[in-house]
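> Have a look; sequence and predicted model below, questions after that.
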Amino acid sequence: MSLHPSTIAGQNDAFRSMIHIPQFGTPKIPGKWLITPGITALPPVAQIEIIAEVRNFDAFTEDNDPYGEHDFGAFEHPGAGKIFWKIDYYDRALTGGSPDPADPSVTCRVLTIMLAQEY
């Protein structure tokens, strides 16, 4: 659990809101995102719908977000079934965990979007 969950939640929300949108210059919240083979095997329209749902996800509760960091979500997609997404915090070189996930200058977020069965 972080000492700054609301700061991290805001950064995670900002990061997710920018996936699949062209960015120019240095991003305010550095990170990468990827989709698993199960997602890439879906029709393009389904992939777009899933990415949009991840970007706009706001159904956080104490049950699915116990630390208040907005770093995980799950939802149903009509064509793909249960979808999970997860944000992990790495150091900027992506060689280990971030020393402080609340500090974008030392953190690179990695967002993974997957079918629940791939978890």
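Structure received.
> In this protein, where's the longest strand?
Ordering each strand of the chain by length in residues (DSSP state E) puts strand 81-90 first.
> ok, then the element right after that one?
Next helix or strand after strand 81-90 toward the C-terminus (DSSP states H and E): strand 108-115.
> buried ones in that following strand?
Within strand 108-115, the residues that qualify as buried are 108-109, 111-115, counting by 16 or more other C-beta atoms under 10 Å. (C-beta placed from N, C-alpha, C; glycine too.)
> And for stretch 13-24?
For stretch 13-24, the neighbour count (16+ other C-beta under 10 Å) marks 15-16, 19 as buried.
> What is the burial count for E53?
Other residues near E53 come to 17 when the count uses other C-beta atoms under 10 Å.
> returning to what we had before: among the buried residues of stretch 13-24, which one lies nearest to F72?
Set against F72, the nearest of those by C-beta to C-beta is R16 (11.2 Å).
> The closest residue in space to that closest one that isn't next to it in sequence: what's it in contact with?
Closest residue to R16 apart from its sequence neighbours, by C-beta to C-beta, 6 or more residues apart in numbering: R55 at 5.6 Å. Residues counted as contacts of R55 (C-beta atoms under 8 Å, 6 or more residues apart in numbering) are 16-20.
> Tell me the gap between the host helix or strand of R55 and the middle of its chain.
Using DSSP H and E, R55 sits in helix 44-56. Relative to the centre of its chain, helix 44-56 is centred 13 Å away, using C-alpha atoms, centre = their mean, to the nearest Å.
> how much does it deviate in direction from strand 108-115?
130 degrees (axes from the mean of the first three to the mean of the last three C-alpha atoms, to 10 degrees).
> what's the closest of the contacts of R55 to W85?
R16 (8.0 Å).
> how far away is the closest one from A9?
R16 sits 11 Å away from A9, going by C-beta to C-beta, to the nearest Å.
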